[in-house]
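Visitor: Whatever this is, show me its structure:
(one chain, ligands or ions: 3)
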Amino acid sequence: MHRPVADPKPVVWTIASSDSGGGAGIQADLHTFNALGCHGCSVIAAITAQNSTDVLSTEAVSPAIFIAQLNCLLNDLPPKAIKIGLIPDVQLLQQLVLWLAEHKAKHRFSVIADPVLSSSTGVNFASEQLISNWQQLLPLLDLITPNLPELALLSGMPDAPVASQALLLTQAGAAAVLAKGGHNPDSTDITDCYISDSASFGLTQPRITTANNHGTGCVLSSAIAVACAHGYPLHDALIVGRAYLQQALAQGYPTGKGAGCLQHHSWPIDYRYFPKLHGPGTIPEPLLRFASMAAPIGLYPIVDSVQWLKRLLPLEPDVIQLRIKLGSASEIEQQVAQAVQLSNDYKLRLFINDHWQLAIKYGAYGVHLGQQDLNEADLPAIAAAGLRLGISTHSYAELLRARQLGPSYIALGHIFATQTKQMPSRPQGLQRLVHYAALCRDIPTVAIGGIDMLRLQAVVNCGVDGVAVVSAITAQTDPEHAFVQLKNQFQQYKVESRYAHNA
Ligand SMILES: Cc1ncc(COP(=O)(O)OP(=O)(O)O)c(N)n1
Ligand SMILES: Cc1ncsc1CCOP(=O)(O)O
Ligand SMILES: [Mg+2]
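Guide: Numbers count the residues shown, from 1 in each chain. Ligands and ions are numbered 1, 2, ... in the order given. I've put the predicted structure just below:
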């Protein structure tokens, strides 16, 4: 029988130690890799005799078998990402430093390290020599995820502010640091602090008070490694990791007499489990209130002139956007004024791209803004004028930032390669669109970028509320016909998709 060839699962390694109790270490890492759609390989550094209350003994493997595991995997199952966990042996850690220095640049895998220097059951794995070897590892790491005691050991500045300690690790060579705030006992929320050369922000979630918390650090770093292996940029990988951990904690279960375990599940899609982002470009709650879309978005043509509006408005688009990129200020103002008048005549919903002051001045239905535009726009003025707001997003980080602003809809793009606009990011593809749309069940979403008649059904099936198109209409020989066909097909695919979901 012919079977379609499935995309290969990305390979992720864990270089860590066995937890005989099954809740942490290699065992937790492999559960996480599997739950998030990767193939997991393991390089075992040590075996611990451990249960839910204690680590009773630890025995490192020989350097020979440690290196043999690394080399044999590299020959056949090269990783997209590596997670490093507990390596309680100086000699093995030294070997790992040399091995990574030899192979990392050539094989271009990401390395995410959780420096397990003490266990949640209170066992201390840290010696001065081990800490100094971890410091040598730093320049080979894309991310290190210490908890506060580990950060203090690695930075050697326990009394300095967390951000200064994390900065010190980046100065020592780590590309990025996620300082985990869970050990700060004072707060009902947990804030992790992210610092790299180019960015710094916080990720905050409510603390889940539970005894079922064994292996949290292992699971977080593994989930981050998986998201890197799937090709998510690091900022997004952190978000996926935090959401996966929160979900696993919320569903944790008791095991022995001590700490229970986390429940491994699947890709997180419930907004409750996602962190709030703090930092440049985010605004604190309470949210602004933008007017709602009132009706589904549907097929959403984007055009660049009043001439185009005159052609399409009589065909009753669900929503339409005027996106003018050329012309003098007075020409643009004239076009916006005419466009709003036309949309009023036809009683149709018109969004103005970028020019939010003109949209307010002439009373358009709404404004569409990109991430850059958000920094310059007066959002409270847009909300106060009763206009709807649509926001472009291209990643989890942008999506969370947009959600925190309470917009009327969120655009998700670009899904496929597009000729219409030069994009700074890579196409997102359908799998990510499914994840993003699922995260926005309570707010309308629009997919955009490279969507045409052939791709329409697959996009609608991802669960979006609308589909925005430019060239699928304006570059066609018969644009009116193309519009009508796309609009009808959209409606039909939406009905079929709902039916399939309810069946
Ligand atoms: C529905 C919709 N989605 C995305 C965009 C892009 O907006 P932006 O990121 O601001 O880029 P420009 O369109 O201004 O080039 C959009 N216009 N509409
Ligand atoms: C404006 C914009 N923003 C993201 S993709 C895009 C262009 C979409 O055009 P097309 O539908 O022709 O790919
Ligand atoms: Mg814009």
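
Visitor: Any stretches of the stretch 151-300 of the chain with poor pLDDT?
Guide: Low-confidence segments of the stretch 151-300 of the chain (pLDDT under 70): 186, 280-287.

Visitor: Tell me who's in contact with the most far-flung residue of the chain relative to its centre.
Guide: Farthest-out residue of the chain from its mean C-alpha position, per C-alpha atoms, centre = their mean: residue 345, at 41.8 Å. Applying C-beta atoms under 8 Å, 6 or more residues apart in numbering to residue 345 gives the contacts residue 313. Backbone N, C-alpha and C define where each C-beta goes, glycine included.

Visitor: So it belongs to a helix, correct?
Guide: Yes - per DSSP: H, G, I helix; E, B strand; the rest coil, residue 345 lies within a helix segment.

Visitor: Number the chain from 42, please
Guide: I'll keep to 42 as the first residue from here, and by that count the last item is residue 386.

Visitor: Let me see the contact set for residue 199.
Guide: 193, 206.

Visitor: Is it correct that it falls within a helix?
Guide: No - remark: residue 199 does not belong to a helix; assigned using three-state DSSP, it is coil.

Visitor: count of residues packed around the residue in the stretch 42-191 of the chain positioned nearest to ligand 1?
Guide: For the stretch 42-191 of the chain and ligand 1, the shortest gap (C-beta to the nearest ligand atom) falls at residue 48, measuring 27.2 Å. By other C-beta atoms under 10 Å, the residues close to residue 48 number 7.

Visitor: SS state for it?
Guide: Applying three-state DSSP: residue 48 is coil.

Visitor: Quick one, grab the pLDDT at it.
Guide: As predicted, residue 48 sits at a pLDDT of 74.

Visitor: Against ligand 2, how distant is it?
Guide: 24 Å (C-beta to the nearest ligand atom, to the nearest Å).

Visitor: likewise residue 376?
Guide: Residue 376 is 17 Å from ligand 2, by C-beta to the nearest ligand atom.

Visitor: In a helix, that residue, correct?
Guide: Yes - counting by three-state DSSP, residue 376 falls inside a helix.

Visitor: Contacts only, for it.
Guide: 346, 347, 363, 365, 368.

Visitor: can you give me phi and psi for the last one?
Guide: In other words, residue 368. When read as degrees, to the nearest 10, the backbone of residue 368 gives phi 110, psi 160.

Visitor: what about residue 467, neighbour count?
Guide: Other residues close to residue 467 by other C-beta under 10 Å number 11.

Visitor: Next: residue 483.
Guide: When neighbours are defined as other C-beta under 10 Å, residue 483 has 7 of them.

Visitor: For it, identify the helix or strand it belongs to.
Guide: Per DSSP states H and E, residue 483 falls between elements, in no helix or strand.

Visitor: again with residue 82
Guide: Using DSSP H and E, residue 82 falls in strand 80-91.

Visitor: elements contacting that strand?
Guide: Packing partners of strand 80-91 (3 or more C-beta pairs under 8 Å, 6 or more residues apart in numbering; DSSP states H and E): strand 52-60, helix 66-76, strand 96-101, helix 104-117.

Visitor: closest to residue 518 out of those?
Guide: Closest of the helices and strands packed on strand 80-91 to residue 518 is strand 52-60, at 46.6 Å (criterion: C-beta to C-beta).

Visitor: need the residues of the stretch 392-541 of the chain near ligand 2, please.
Guide: Those residues of the stretch 392-541 of the chain that sit near ligand 2, judged by C-beta under 6 Å from any ligand atom, are 454-455, 459, 461-462, 489-492, 510-513.

Visitor: Of those, which is the nearest to ligand 1?
Guide: The closest of these, once distances to ligand 1 are taken by C-beta to the nearest ligand atom, is residue 489, at 4.3 Å.

Visitor: How far off centre is the strand holding residue 82?
Guide: Distance, stretch centre to chain centre, for strand 80-91: 28 Å (C-alpha atoms, centre = their mean, to the nearest Å).

Visitor: Helix 66-76 and that strand, what's the angle between them?
Guide: With axes from the mean of the first three to the mean of the last three C-alpha atoms, to 10 degrees defining the directions, strand 80-91 sits at 150 degrees from helix 66-76.

Visitor: Now do the buried residues in the longest helix belonging to the chain.
Guide: Secondary structure assigned by DSSP state H gives helix 520-543 as the longest helix of the chain. For helix 520-543, burial by neighbour count (16 or more other C-beta atoms under 10 Å) applies to 520, 523, 524, 525, 526, 527, 528, 530, 531, 534, 535, 538.

Visitor: who's in contact with the last one?
Guide: In other words, residue 538. Going by C-beta under 8 Å, 6+ apart, residue 538 touches 501, 502, 504.

Visitor: can you list the domains in this structure?
Guide: 52-319, 339-543 (automatic domain parsing).

Visitor: re earlier: quick one: residues in contact with the strand holding residue 82.
Guide: By C-beta under 8 Å, 6+ apart, the list of residues contacting strand 80-91 from outside reads 50-62, 65-67, 70-71, 74-75, 96-102, 107, 110-111, 114, 118, 120, 127-130, 133, 162.

Visitor: show me what contacts the closest residue to ligand 2 within the stretch 192-341 of the chain?
Guide: Residue nearest to ligand 2 within the stretch 192-341 of the chain (C-beta to the nearest ligand atom): residue 341, separated by 10.1 Å. For residue 341, the contact set (C-beta under 8 Å, 6+ apart) comprises 358, 359, 360, 361, 362, 487, 507, 508, 509, 510.

Visitor: Against residue 249, how distant is the residue nearest to it when sequence neighbours are not counted?
Guide: Closest residue to residue 341 apart from its sequence neighbours, by C-beta to C-beta, 6 or more residues apart in numbering: residue 509 at 4.2 Å. Relative to residue 249, residue 509 is positioned 38 Å away (C-beta to C-beta, to the nearest Å).

Visitor: Pick out whichever of these two has more residues nearby.
Guide: In terms of neighbours (other C-beta under 10 Å), residue 509 is the more surrounded of residue 509 and residue 249; the figures are 28 against 17.

Visitor: ok, residues contacting the helix or strand encompassing that one?
Guide: Assessed by DSSP H and E, residue 509 sits inside strand 507-510. Residues outside strand 507-510 that contact it (C-beta under 8 Å, 6+ apart): 337-343, 359-360, 362, 450, 452, 454, 485-489, 492-493, 497, 500-501, 527, 531.

Visitor: Sort out for me which of those residues are in strands.
Guide: Counted as lying in strands by DSSP state E, out of the contacts of strand 507-510, are 339-343, 360, 362, 450, 452, 486-489.

Visitor: looking at those residues, which has the most residues close by?
Guide: residue 488 (30 neighbours).

Visitor: what sits against that one?
Guide: The neighbours of residue 488, taking C-beta under 8 Å, 6+ apart as the test, are 452, 453, 454, 456, 474, 478, 500, 503, 505, 507, 508, 509.
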